[in-house]
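> pasting the sequence and the predicted model now:
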Amino acid sequence: MSVTTEEIHDVQPDDNVGTIWKDYLAKIRGGDVGSLPAILGLVVLVVAFSILRPETFTKAFNFGNLIQQSAGVTIIAMGLVFVLLLGEIDLSAGYTAGTCAAVSAVLLTNHGWPTLPSVLAGLVTGTVIGAFIGLIVSRLGIPSFVVTLSMFLALQGVVLTFIGEKGSIDSGEFIAKLNSDTLPVWLGWVLGVGFVAVYAVLTFVTNRRRRTKGLTSEPDLLWALKSGGLAVVVLLVVFYLSIERSPNAHIKSIKGVPISLIIILGLALVLSVLLGRTRWGGHVYAVGGNAEAARRAGINVKMVQLSCFMMCSTVAAVGGLMLASYSGGVNNVTGGSTTLLYAVGAAVIGGTSLFGGKGRIVDAVIGGTVVAVIANGMGLMNQPDSRKYIVTGLVLLVAASVDAISRRRAVASGRG
């Protein structure tokens with residue numbers, strides 16, 4: 001019996017749990033650990049704090065507050081993924097966030113601009129800052145560490161110029177609601193179910209297309225397990241957030257999915273598509289993996305570098321709005337203090353490589369959650385800031401070590 005080319009292309013990969021598990025273990029042994037260490041660490045932290053502080057840590061009120069606390073840093077970390085993928089760094093991302101938030105607040109509050117133009121002005125400010133940094137790094141060849149350290153100092157001065165040494169500016173009602181209000185309960189359920197359905201359909205269609213073209217694709221069983229696992233997690237989160245969590249419900253009710261969570265997930269989805277499903281995203285990974293090889297392949301390396309710094313600062317501007325929303329306005333430490341350190345830590349802890357070429361937007365989300373859980377859990381245990389910093393620093397060191405070790409294993413196994 002003859003077998004057609006079409007039939008060969010449509011042959012499915014081994015579709016059983018044993019084979020899937022063996023393939024996954026082989027990837028780990030080869031150095032491709034992805035976000036696994038961060039996920040395991042997150043599980044351990046959640047279990048530990050749930051045991052140590054069951055009366056507070058596990059409450060729905062704390063869960064919702066945890067999301068809002070981490071929103072600004074997590075979003076800034078998403079932007080940092082782009083420059084880390086190139087093997088670069090942006091030390092000014094925190095104060096870029098603060099500067100952009102200050103621009104929007106000043107225009108909105110002091111100059112009476114409408115909300116939309118004020119917010120857009122803040123975002124454009126981020127893009128301009130990123131373009132300035134990117135041009136210097138890509139055209140003049142000055143190391144990004146030096147350029148962004150200079151901008152870190154300069155932008156700190158810009159923020160102080162806008163609001164004064166000890167001043168603050170109200171961010172306005174719209175911005176204030178971004179990281180404080182919640183969606184109606186019914187809308188949270190609709191979006192949760194819709195998110196799972198869209199993920200399942202898109203990944204299923206993608207697998208089918210790759211299979212018909214003779215490309216590697218994941219088994220249908222693995223697709224089902226991933227989709228089912230995502231559905232369980234998403235629906236549990238929506239259920240938990242739909243519970244009345246206000247300690248004074250008779251005065252003010254708090255229930256429903258926080259708007260900040262929708263912003264985080266929506267932004268993560270858009271940025272993930274840009275990185276994973278566009279030619280530009282492929283060029284970013286190529287430049288981060290080997291810039292010289294990418295140049296020889298015809299990729300405009302300088303333009304990729306420029307665009308990544310612009311993307312980083314623009315996303316940081318969104319993070320700045322979330323920081324201002326959570327604190328109730330812009331002050332002289334918005335985007336400062338530990339904001340940058342936590343954002344870089346979040347991206348690296350989540351699995352983005354400091355050596356470039358490896359990382360995903362979801363890494364920033366996972367890492368941001370780990371950082372937030374450490375700060376939140378230790379705060380509930382009345383631990384001083386000194387211990388929070390020590391623990392977070394040690395976690396970051398472990399993540400960087402895992403990155404270096406996995407990179408060596410990948411090279412040794414021929415995967416790197």
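Looks like it arrived, so ask away. Residues are numbered from 1 along each chain as shown.

> use CA for all of it now, contacts and neighbours both
Fine.

> what's the next secondary structure element after the helix or strand of the chain with the lowest mean pLDDT?
Using mean pLDDT, DSSP states H and E, helix 5-9 stands out as the lowest-scoring helix or strand of the chain, at a mean of 43. Counting by DSSP states H and E, the element after helix 5-9 in chain order, helix or strand, is helix 17-29.

> residue ranges with poor pLDDT in the stretch 151-300 of the chain?
166 (pLDDT under 70).

> pLDDT on the helix or strand hosting residue 44, on average?
Here residue 44, judged by DSSP H and E, is contained in helix 36-52. Helix 36-52 shows a mean pLDDT of 88.

> what's the following helix or strand past that helix packed up against?
Once helix 36-52 ends, the next helix or strand along the chain (criterion: DSSP H and E) is helix 60-85. With contacts defined as 3 or more Cα pairs under 8 Å, 6 or more residues apart in numbering; DSSP states H and E, helix 60-85 has these neighbours: helix 93-105, helix 220-241, helix 259-276, helix 279-289, helix 301-327, helix 339-350, helix 361-380.

> repeat that with 6 Å
Under the contact criterion of 3 or more Cα pairs under 6 Å, 6 or more residues apart in numbering; DSSP states H and E, helix 60-85 touches helix 301-327, helix 339-350, helix 361-380.

> buried stuff in the first one?
Yep, that's helix 301-327 we're talking about. Using 16 or more other Cα atoms under 10 Å as the burial criterion, the residues of helix 301-327 that qualify are 301-302, 304-327.

> quick one, that helix and helix 279-289 angle?
100 degrees (axes from the mean of the first three to the mean of the last three Cα atoms, to 10 degrees).

> next, the angle from helix 301-327 to helix 259-276.
170 degrees.

> contacts for the next helix or strand after helix 301-327 next, please.
Next helix or strand after helix 301-327 toward the C-terminus (DSSP H and E): strand 330-331. By Cα atoms under 6 Å, 6 or more residues apart in numbering, the residues outside strand 330-331 that reach it are 102, 168, 169, 324.

> of the residues you listed, just the buried ones, ChimeraX syntax please.
For the buried members of these, the matching ChimeraX selection, counting by 16+ other Cα under 10 Å, is:
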select :102,168,169,324
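
> quick check, nearest of the contacts of strand 330-331 to residue 76?
Using Cα to Cα, residue 324 comes nearest to residue 76 of the contacts of strand 330-331, at 13.1 Å.

> which residue, other than its chain neighbours, is closest to that closest one?
Closest residue to residue 324 apart from its sequence neighbours, by Cα to Cα, 6 or more residues apart in numbering: residue 330 at 5.2 Å.

> and for that neighbour, the neighbour number?
Residue 330 has 31 neighbours, counted by other Cα atoms under 10 Å.

> got it, and residue 66?
18.

> could you do the one 4 residues further on as well?
Residues near residue 70, counting by other Cα under 10 Å, number 27.

> any idea how far residue 375 is from it?
Remark: distance between residue 70 and residue 375 (Cα to Cα, to the nearest Å) = 10 Å.

> also residue 173?
In terms of Cα to Cα, residue 173 sits 28 Å off from residue 375.

> more neighbours: those two, which one.
residue 375 (22 against 12).

> for the more buried one, which non-adjacent residue is closest in space?
Using Cα to Cα, 6+ apart, the closest residue to residue 375 is residue 388 (6.1 Å).

> which helix or strand contains the one you found?
helix 385-413.

> next, the angle from that helix to helix 361-380.
150 degrees.

> buried set for helix 385-413?
Applying 16+ other Cα under 10 Å to helix 385-413 flags 388, 391-393, 395-396, 399-400, 402-404, 406-410 as buried.

> and which of these is nearest to residue 194?
Comparing the buried residues of helix 385-413 against residue 194 with Cα to Cα places residue 399 closest, at 33.4 Å.

> quick check: closest non-adjacent residue to that closest one.
residue 349 (5.1 Å).

> so how far is residue 50 from that neighbour?
21 Å.
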